[in-house]
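> Sharing a sequence plus its predicted fold:
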Amino acid sequence: MVEPDVRLSAWVHGHVQGVGFRWWTRARALELGLTGFAANKPGGRVHVVAQGSRASCQRLLDLLQGGGTPGHVDVVVADWLDAGDAMDGFAER
């Protein structure tokens, strides 16, 4: 049985703007076969939305929280949602 895709919505707080964080996130997401985006938001946060298998989204979340990112991540606030409309590729916004 094939598991349905999910959507991960992760708000990344810390020093994550202007350090290559969105590019790094995009590269990891594409390696995992995910679609979505990473967008700078007011207050220095980055909003990461990734869609694909639960295992791949969880791996991306683990990477975001793992300390090997550009800059410095203080906290990641994540929500799990049902997959939405299909997205093409993984964009930096």
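Alright, I've got the coordinates.
> what's the most centrally placed residue in the chain in contact with, if anything?
Ranked by distance to the mean C-alpha position of the chain (CA atoms, centre = their mean), the top residue is V48 at 3.7 Å. The neighbourhood of V48, defined by CB atoms under 8 Å, 6 or more residues apart in numbering, consists of L8, S9, A10, W11, V12, T25, G36, F37, A38, L60, L64. (C-beta placed from N, C-alpha, C; glycine too.)
> out of those residues, which are inside helices?
For the contacts of V48, membership in helices holds for T25, L60, L64, with DSSP state H as the criterion.
> The second one against T35, yeah?
No. At 11.4 Å, L60 does not count as touching T35 under the criterion of CB atoms under 8 Å.
> Going by distance to M87, which of the contacts of V48 wins?
Comparing the contacts of V48 against M87 with CB to CB picks out G36 as the nearest, at 5.6 Å.
> can you list the weak-confidence ranges in this structure?
Confidence mapping of the chain against pLDDT under 70 gives the ranges 1-2.
> got the residue ranges for the helices in it?
Under the criterion DSSP H, the chain carries helices at the ranges 21-31, 54-65.
> and the first one, which residues are buried?
Neighbour-count burial for helix 21-31 flags F21, R22, W24, T25, R26, R28, A29 (criterion: 16 or more other CB atoms under 10 Å).
> cool, and stretch 38-52?
In terms of neighbour count (16+ other CB under 10 Å), stretch 38-52 has its buried residues at A38, N40, R45, V46, V48, V49, A50, Q51, G52.
> if we can go back for a sec, for the residue nearest to the centre of the chain, name its beta-bridge partners.
Judged by DSSP bridges, the bridge partners of V48 are A10, A38.
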